[in-house]
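In: Give me a 3D structure for the following:
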Amino acid sequence: MNAHNPLPDAIAEADLRIDLAAAFRICAQWGWHESVGNHFSAALSSDGRRFLMNRKWQHFASIRASDLQALNADDPETMHRTDAPDASAWCIHGNAHRRVTSARVILHCHPIAATTLTTLADPRLLPIDQNTARFFNRTVIDAECGGIADQDDEGIRIANLLAEAPTLIMANHGVTCVAATVAEALENLYFFEKAAETLLRAYASGKPLRLMSDAVAEHTAQGWEAYRGMAFAHFDYLKSMLDAQDPSYRD
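Out: Residues are numbered from 1 along each chain as shown. From the prediction side, this is the model:
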């Protein structure tokens, strides 16, 4: 924090709002919206308890930076207000931000390949190429689908799983990616969907899979860490495309 800057928190929040709004618009363009459902959130406070999240039932393609709600995970009155967020979103994101401080950004949606993977009896993302190996030993599977998560104990259970790995494969549901920044969370979501599609196409061939050894898969996953900067370059490009098409997400 710069002692000579009187508004560091406000500036940080403004930037975070823009980035999160951009993520919604980008995912809408990729066809990853689910009617007016699914939710992305980002922590405002260091403990994660204050966070931004999309309002109830607003389409991803229409979300602007100013539309995002600033919520407090410790506020028991949140769900009694006229502008209360979606119950399942509050249950999952509120608990996750309260309990997992490393989950600064939480993106949850139902892209088709990732969601299809979660419907298999074995939803593991097997390491068959560099993209699938990116997630080797870096996912956790929630095998206990309880329907729509709107009960506090379900939110706590999901939060505990998110504390184990940055990518949560939710059986019969979808995928959740967490990261320190919007750019990194979106990049993980992007690569997970690509990886899931590759694996599903390999399954569809009916031919035996050529799996990487655990050692090679882990080496590949570690190798991706040197490419962390790709996420920011990719996100900057995607935002530049939004700016050229419709910069209203920044409003």
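In: Show me what counts as buried in stretch 35-48.
Out: Buried positions in stretch 35-48, judged by neighbour count with 16 or more other C-beta atoms under 10 Å: 37-44, 48. The C-beta positions use only the backbone N, C-alpha and C, and glycine is treated the same way.
In: Show me what the host helix or strand of Glu197 packs onto, helices and strands only.
Out: If you go by DSSP states H and E, Glu197 is part of helix 182-205. Other elements packing on helix 182-205 under the criterion 3 or more C-beta pairs under 8 Å, 6 or more residues apart in numbering; DSSP states H and E are helix 8-29, strand 105-109, helix 112-118, helix 130-133, strand 174-179, helix 229-245.
In: Check which residues of the helix or strand that it is followed by are buried.
Out: Sequence order places helix 214-224 as the next helix or strand after helix 182-205, per DSSP H and E. Residues of helix 214-224 classed as buried: 217-218, 220-221, 224 (neighbour count, 16+ other C-beta under 10 Å).
In: ok, now stretch 56-66?
Out: So, applying 16+ other C-beta under 10 Å, buried residues of stretch 56-66: 56, 58, 60, 63-65.
In: what does it rub up against?
Out: Residues from elsewhere that reach stretch 56-66 (C-beta atoms under 8 Å, 6 or more residues apart in numbering): 14, 17-18, 20-21, 24-25, 27-29, 32-33, 35-38, 54, 67, 83-86, 89, 248-251.
In: what do you get for stretch 220-238?
Out: 19, 22, 26, 127, 130, 133-138, 181-184, 186-187, 190, 212.
In: Let me see the contact set for Ala43.
Out: 50-51, 97, 101, 103-105.
In: at 6 Å what do you get?
Out: 51, 97, 104 (C-beta atoms under 6 Å, 6 or more residues apart in numbering).
In: Assumed the second one was part of a helix.
Out: In other words, His97. Yes: His97: assigned to a helix according to DSSP: H, G, I helix; E, B strand; the rest coil.
In: on that earlier part again, out of the buried residues of stretch 35-48, which sit inside strands?
Out: 39-43 (DSSP state E).
In: right, and out of those, which lies closest to Thr119?
Out: Minimum distance to Thr119 across these is 21.0 Å, recorded for His39 (C-beta to C-beta).
In: Number of residues surrounding the residue lying closest to that closest one once chain neighbours are set aside?
Out: Spatial nearest neighbour of His39, chain neighbours left out: Ala89 (4.0 Å); criterion: C-beta to C-beta, 6 or more residues apart in numbering. A total of 24 residues lie near Ala89 under the criterion other C-beta atoms under 10 Å.
In: in terms of contact, does Ala89 touch Asn38 like I think?
Out: No: look at Ala89 against Asn38 with C-beta atoms under 6 Å: they stay out of range, at 8.4 Å.
In: With pLDDT and distance to Asp122 added, can I get the buried residues of stretch 35-48 in JSON lines?
Out: Listed next are those as JSON lines, based on pLDDT from 0 to 100; distance: C-beta to C-beta, whole Å:
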{"residue": "Gly37", "pLDDT": "93", "distance to Asp122": "27"}
{"residue": "Asn38", "pLDDT": "94", "distance to Asp122": "25"}
{"residue": "His39", "pLDDT": "96", "distance to Asp122": "28"}
{"residue": "Phe40", "pLDDT": "98", "distance to Asp122": "28"}
{"residue": "Ser41", "pLDDT": "98", "distance to Asp122": "30"}
{"residue": "Ala42", "pLDDT": "98", "distance to Asp122": "32"}
{"residue": "Ala43", "pLDDT": "97", "distance to Asp122": "33"}
{"residue": "Leu44", "pLDDT": "96", "distance to Asp122": "38"}
{"residue": "Gly48", "pLDDT": "94", "distance to Asp122": "33"}
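In: Of the residues you listed, which is the nearest to Pro111?
Out: Nearest to Pro111 among the buried residues of stretch 35-48 is Asn38, at 9.9 Å by C-beta to C-beta.
In: measure Arg236 to Glu193 for me?
Out: Check again: residue 236 is Asp, not Arg. For Asp236, the distance to Glu193 (C-beta to C-beta, to the nearest Å) stands at 20 Å.
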